[in-house]
Structures are given as structure tokens and as C-alpha cells.
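Novice: Attaching a predicted model along with its sequence, questions to come.
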Amino acid sequence: MGLVACEPDRTCRYDVDVNAVLVLRCTHYDTLDVASKVEQWDSITVQGVGNVSVLYNNSKNAKEILLPLREDTTVTAYELTWKGKKETLYIQHSNTQQFISMACGCVIYHQIEKVWCDKVWADSVEIINAAVETTEQNNIRIFATTRDEKP
């Protein structure tokens, strides 16, 4: 006769990382004014405003940028340095705490209400998907135009 005992699974099986995903839509003009679409950063540095940690440091060929939104406030700001110019991106959002399980605890979901930037190198910015509940969907798109120097 044998006894079988089960121990509860204490491992969190849910992805509790929730980040806004920023993507680029850039129109690049060469020296002959021929336009091409660029949808990745060739070199980008991203740092939170009021935060010493750098999320991306001169990252190459980045197609999307994961931006954690602050849980203690309703506006999160990031400094984006691209092509030697600094742009500040502001994200206004609400925060909703969601209990998942005893093993996972809670996750904070966000709803993006408004986005704006300084327009140093960015032409505009838009909300693609306001619900920030995973890292698998694009939330914000930033538009820019770049030109090669004419000889």
C-alpha cells in the first residue's frame, strides 16, 4: 500500500511583465530625395526621466522598445536619444491592480490616455492600442522624418 501526496505548485505560470511597446515609423530621404520607410532604430538610447537606469544603451536594429509604465503615478516620461538628438516622450495612463494568484501575486495593468513628445526629432506620436496588458502588442507609434546630407 502506498500513499501519494501532492504539493501545491508555487511557481507563477503567468507573465506578469506588462510594458508599453513603442514602435517607429520613419520616412528617410536620401541625397536624391528618394523616400524609404524605416521601421527600426539604427541606434537608440532610452532612459527614464528622473531615473538613472538606462533601458536601452545605443541599441542597434531595435524594432520595438519595451517601456515599463510607472505604478506610483499616472504620467511616465522617457528620454529617447536618436541620431544625437534627445526627445522626451510622455505617456499619461491609469493603473489598475489585478490579482492573479497566490503564487503570482498582483500585476498592474495600464490604460494609455494620452501621449505627447517635445517634437525635437519626432514629427508626432499616436496611441495604437491603449490597453497595456502584455508585452506582445504594440501600444505607441512615433513618427519621424530623416534626411541624408546633400553633397
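Specialist: Thanks, I have the structure now.

Novice: can you tell me which residues contact Asp148?
Specialist: By CB atoms under 8 Å, 6 or more residues apart in numbering, Asp148 lies in contact with His28, Tyr29, Asp30, Thr31. Every C-beta, even on glycine, is put in place using the N, C-alpha and C of the backbone.

Novice: and the first one, how many neighbours?
Specialist: Meaning His28. 15 (other CB atoms under 10 Å).

Novice: residue contacts, it?
Specialist: Ala35, Ser36, Lys37, Val38, Thr145, Thr146, Arg147, Asp148.

Novice: elements contacting the longest strand anywhere in the chain?
Specialist: Taking DSSP state E as the criterion, the chain has its longest strand at strand 85-101. Using 3 or more CB pairs under 8 Å, 6 or more residues apart in numbering; DSSP states H and E, the elements in contact with strand 85-101 are strand 20-29, strand 75-82, strand 105-117, strand 122-127, strand 140-147.

Novice: 10 Å instead, please
Specialist: In this structure, strand 85-101 packs against strand 20-29, strand 44-48, strand 64-67, strand 75-82, strand 105-117, strand 122-127, strand 131-132, strand 140-147, with contacts taken as 3 or more CB pairs under 10 Å, 6 or more residues apart in numbering; DSSP states H and E.

Novice: So what's the gap between the last one and the chain middle?
Specialist: For strand 140-147, the distance from its own C-alpha centre to the chain's C-alpha centre is 15 Å (CA atoms, centre = their mean, to the nearest Å).

Novice: That strand: partners in the sheet, and parallel or antiparallel?
Specialist: Paired strands of strand 140-147, with direction, are strand 20-29 (parallel), strand 122-127 (antiparallel) (DSSP bridges).

Novice: Can you lay out those as TSV showing distance to Lys86 and mean pLDDT?
Specialist: Listed next are the strands paired with strand 140-147 as TSV, based on distance: least, CB to CB, whole Å; pLDDT from 0 to 100:
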stretch	distance to Lys86	mean pLDDT
strand 20-29	15	92
strand 122-127	11	96
